[in-house]
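Colleague: Provided below for reference: sequence and predicted model.
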Amino acid sequence: MSRILAVLYKEFLQMKRDKLTIGLIFMLPLVQLLLFGYAIQTEVKHIPTVVFDQSLSPESREITRAFTASGYFDVVAATGNYQQVTQLIDRGTVKVGIIFPPDYAKQVRSGDTAAIQVLVDATDSMVSNSAIATANSIGLLKSQQVLAEKVGQFKAPYDIRVRPWYNPDGITAYYMVPAILGIIVTMTMVMMTSMGIVRERERGTLEQLMVTPIKSYELMIGKIIPYIALGYLQITVALLVGAIVFDVPIRGSLLELYLLTLFFITASLGIGVLISNIAKNQMQAMQMSFFILLPSILLSGFMFPREAMPVFIKALSNIIPLTFYLTIIRGIVLKGIGFAYLVPQVTALLVFTVILMGISIMRFKKKIA
Amino acid sequence: MIFTETLTKKFSSITAVAGVSLQVQQGDIFGLVGPDGAGKTTLIRMLCGLITPDSGSITMVDNAASGESSASFGYMPQKFSLYGDLTVMENINFFGAMYGLNGTIINQRADEILQITNLFRFKQRFADNLSGGMKQKLALTCALLARPRLLVLDEPTFGVDPESRKEFWKILYQLNQEGMTILVSTPYMDEAELCKRVGFMNNGRLVVVDSPKNMKSRYPYRILEIKCASRQPEIFQGLPEILESNFYGDKYRLVVQEAKIAEAAVVEFLQGRDIPLYRLKETKPTMEDVFVALAEKEVVEWSMSSQPVN
Ligand SMILES: Nc1ncnc2c1ncn2[C@@H]1O[C@H](COP(=O)(O)OP(=O)(O)OP(=O)(O)O)[C@@H](O)[C@H]1O
Ligand SMILES: [Mg+2]
């Protein structure tokens, strides 16, 4: 026990003196969050818009006015055919196209649901998010107005359907903030830990340690605990920044979030320890960590929703711990669900932990060769 | 204290240590010498339990500590292996704790050892900022914290200035006088001379083990020292009577089979070229001469056939 404490204290001293690590530890969550948070915060107004009005009716003009009046859309062009709408969007001249069908006015008058098509250039997620949100609320507002006029009717008369292009799933930055926590934890647990352990071997200090009576598990525990603490510190910073600066609510239980995070931490540590077992030097450890990090970012659902992935890729994403943690953290933070709904994910992380740690323990002999 | 029997270790195609049977007696200062890649470090690592031998056995006994089969030992690896970003005292505290010592004992022993090693003033200095010699003394301090009965040092003075090397060896002698057994590897022949017994390793084999005195008396050749007007390093190369010639700035050292015949040949050679001869005398072989011969000549044959002369 006193040996573990001595290792802990030593790690603490070294961490404290390593300006780069300290910087990385706190800058990482801040920078990442600010980058994505900026996307949430920015309200994009005056989006250049083209209108293709096939209805040419008072009703269609009223909706167009509603769009411009909102301040979010500037109608910079009106056109007579669909092709030109897509051309203008492709060229980047406009970001949004509003299309009224020929029988639009007739539908409104007859009380049917009237669909307006709004094309959004979703390559710029800031613009598209804003456009989609505004278009939706205008549609909602207008239909409520009409609804109020014609009480008793079932269908909402206006149905503004938004079909974003290029980013058809409309990943919002809001959705990403909790996921960033997962990425940060992965980086700390996999990269920092593996490099920290490999450093001992590279500098020869492990050789000196091995002749002392310290047990390998004591050394491991002493080396790993500071990184777990760091991980939690980073999560706390990230959650605070998310909540205070960007109003990302934490709908579920904070305690549950911290507890379930531990399962992800242990699984990631498993990867980190395994890498430290294989890597010959810190450089290799870092490269291997990136090798793990990249598929974690791409396949876990952090960037692209898993629902849209090809079957094979989707199956592959099941061997990435982050995949399961994203469900957990998004579930708790955004949806407010609890452990009861997350049993499969927690189980998966537990399985990862057991398998990875098992391999490491089998490989880890108290040898330096 | 240490007994090994036909200890062998292979790294893929290289046999780093080949069938080494070694005995280090209690109270010894045992020097392990040999050229780069001879297998010294590998042998030492096996003795310390850091790598497992492919075959052979190691027995460590401490006669003084009755009943204990394995002796506690201090180890100083070849490469500096303390924490550069910790201070001298932090390193000492850390390794002391690794040996399960409490703070008071660590402080007390550190003060004691730091006095001996002359590091007392540098307690608060970062290990990275110490000179090479001081680093080695700090490593020695850490290795001594647990009061080991056996001290294993792998090239402890490599790359250290001559003054610090002398000081370091003074400390080793002091420790040895207090009863500590010392196993030390070194690339320096003047240090080999300081050992009580020396083992010469080459190509993974332990070729000869003897005291420096015996080794020198078993030396099968003669040494001539020559001062003459020539400054050409290679001048004596090619004379059939001379096995080897080295030039040391102002004098030549020649390794010869028969002193009288070679002397005559040298005199004749120099006269033939009108080079004035200032001095010619036979000198005693040094350990350096012994090891050059051991490393280059048919060493196995020599060590088998020659008899120790006392
Ligand atoms: N971990 C290893 N993997 C592969 N080969 C190794 C390993 N350690 C040592 N060797 C090889 O074994 C041989 C003996 O090496 P060793 O380090 O024991 O020699 P040494 O006598 O200590 O040399 P030096 O004076 O350079 O320290 C060398 O050829 C070396 O390349
Ligand atoms: Mg060596």
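Modeller: That came through, no problem. Ligands and ions are numbered 1, 2, ... in the order given.
Colleague: roughly how far does B:Ser131 sit from B:Gln115?
Modeller: Distance of B:Ser131 to B:Gln115, computed by CB to CB, to the nearest Å: 18 Å. C-beta here means a position set from N, CA and C on the backbone, and glycine is covered the same way.
Colleague: give me the element the residue in the stretch 101-250 of chain B that chain A sits nearest to is part of.
Modeller: Closest residue of the stretch 101-250 of chain B to chain A, CB to the nearest CB: B:Cys142 (7.4 Å). In the assignment (DSSP states H and E), B:Cys142 maps to helix B:132-144.
Colleague: who touches that helix?
Modeller: A:208, B:74-77, B:80-82, B:88, B:91-92, B:95, B:109-110, B:113-114, B:117-119, B:122, B:127, B:130, B:151, B:153, B:156-157, B:159-161, B:163-165, B:167-168, B:171, B:175 (CB atoms under 8 Å, 6 or more residues apart in numbering or on different chains).
Colleague: buried ones among those?
Modeller: A:208, B:74-77, B:80-82, B:88, B:91-92, B:95, B:109-110, B:113-114, B:117, B:119, B:122, B:127, B:130, B:151, B:153, B:156-157, B:160, B:164-165, B:167-168, B:171, B:175 (16 or more other CB atoms under 10 Å in any protein chain shown).
Colleague: please name the residues that touch B:Tyr221.
Modeller: Contact analysis of B:Tyr221 by CB under 8 Å, 6+ apart lists B:243, B:255-257, B:285, B:289, B:293.
Colleague: can I get these in CSV including distance to chain A?
Modeller: Below are the contacts of B:Tyr221 laid out as CSV (distance: CB to the nearest CB, whole Å):
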residue, distance to chain A
B:Leu243, 40
B:Val255, 39
B:Val256, 44
B:Gln257, 44
B:Pro285, 37
B:Asp289, 34
B:Ala293, 33
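Colleague: what is the nearest of those residues to A:Leu326?
Modeller: Taking CB to CB as the measure, A:Leu326 sits nearest to B:Ala293 out of these, at 70.8 Å.
Colleague: next one: phi and psi at that closest one?
Modeller: phi -60, psi -40 (degrees, to the nearest 10).
Colleague: likewise for B:Gly199?
Modeller: The phi/psi pair for B:Gly199 (degrees, to the nearest 10) is phi -110, psi 130.
Colleague: ok, now B:Ile29?
Modeller: The phi/psi pair for B:Ile29 (degrees, to the nearest 10) is phi -110, psi 100.
Colleague: care to break chain A down by domain?
Modeller: A:2-40+A:171-368, A:47-151 (automatic domain parsing).
Colleague: next up, the contacts around the nearest residue to B:Arg222 once chain neighbours are set aside.
Modeller: Once flanking residues are discounted, B:Arg222 sits nearest to B:Ala259: 4.2 Å by CB to CB, 6 or more residues apart in numbering or on different chains. B:Ala259 makes contact with B:222, B:224, B:282, according to CB under 8 Å, 6+ apart.
Colleague: which other helices and strands contact the one helix or strand the second one maps to?
Modeller: Here B:Leu224, judged by DSSP H and E, is contained in strand B:222-228. If contacts are counted by 3 or more CB pairs under 8 Å, 6 or more residues apart in numbering or on different chains; DSSP states H and E, strand B:222-228 sits against strand B:252-256, helix B:259-272, strand B:277-283.
Colleague: just say which of those is most tucked in.
Modeller: strand B:252-256 (a mean of 22; mean count of other CB atoms under 10 Å in any protein chain shown).
Colleague: avg pLDDT for that strand?
Modeller: Taken as a whole, strand B:252-256 has a mean pLDDT of 86.
Colleague: just checking: what are the partner strands of that strand?
Modeller: In the sheet, strand B:252-256 lines up against strand B:222-228 (antiparallel), strand B:242-247 (antiparallel) (DSSP bridges).
Colleague: could you give me the buried positions within the longest one?
Modeller: This points to strand B:222-228. B:222-224, B:226, B:228.
Colleague: what helix or strand is B:Val208 on?
Modeller: strand B:205-210.
Colleague: so which bits of that strand are buried?
Modeller: So strand B:205-210, judged by 16+ other CB under 10 Å, has buried residues B:205-210.
Colleague: nearest to A:Val96, of the contacts of B:Ala259?
Modeller: Nearest member of the contacts of B:Ala259 to A:Val96, counting by CB to CB, is B:Leu224, at 99.8 Å.
Colleague: got the domain ranges for chain B?
Modeller: Per the TED database, the domain ranges recorded for chain B read B:2-216, B:229-284.
Colleague: find the closest residue to ligand 1 in the stretch 151-300 of chain A.
Modeller: Using CB to the nearest ligand atom, the single residue of the stretch 151-300 of chain A nearest to ligand 1 is A:Lys280, 10.5 Å away.
Colleague: show me what contacts that residue?
Modeller: Per CB under 8 Å, 6+ apart, neighbours of A:Lys280: A:Val198.
Colleague: where does it sit: helix, strand or coil?
Modeller: Recorded secondary structure, A:Lys280: coil (DSSP: H, G, I helix; E, B strand; the rest coil).
Colleague: from B:Pro77, how far out is it?
Modeller: From A:Lys280 to B:Pro77 the distance is 18 Å (CB to CB).
Colleague: then B:Arg165?
Modeller: 18 Å.
Colleague: do the same with A:Met27
Modeller: Taken as CB to CB, the span from A:Met27 to B:Pro77 is 36 Å.
Colleague: and A:Gly222, by the same measure?
Modeller: 21 Å.
Colleague: how far away is A:Ser110 from ligand 2?
Modeller: 94 Å (CB to the ion, to the nearest Å).
Colleague: give me the element A:Glu11 is part of.
Modeller: Per DSSP H and E: helix A:2-17 holds A:Glu11.
Colleague: near chain B, anything from stretch A:179-192?
Modeller: No: counting by CB under 8 Å from any CB of the partner chain, no contacts exist between stretch A:179-192 and chain B, the nearest distance being 15.9 Å.
Colleague: could you dump that stretch to CSV, C-alpha only?
Modeller: The C-alpha coordinates for stretch A:179-192 follow below in CSV (Å, rounded to 0.1, in the frame of the first residue of the first chain):
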residue,chain,number,x,y,z
ALA,A,179,-19.7,12.8,-27.4
ILE,A,180,-16.6,15.0,-27.2
LEU,A,181,-16.3,13.8,-23.6
GLY,A,182,-16.0,10.3,-24.9
ILE,A,183,-13.2,11.3,-27.3
ILE,A,184,-11.3,13.2,-24.5
VAL,A,185,-11.5,10.2,-22.2
THR,A,186,-10.3,7.9,-24.9
MET,A,187,-7.3,10.1,-25.6
THR,A,188,-6.3,10.4,-22.0
MET,A,189,-6.8,6.8,-21.1
VAL,A,190,-5.3,5.2,-24.2
MET,A,191,-2.6,7.7,-25.3
MET,A,192,-1.5,9.3,-22.0
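Colleague: where do the strands of the stretch 101-250 of chain B begin and end?
Modeller: All strands of the stretch 101-250 of chain B, identified by DSSP state E, counting those that start in this stretch, fall at B:150-154, B:181-185, B:197-202, B:205-210, B:222-228, B:242-247.
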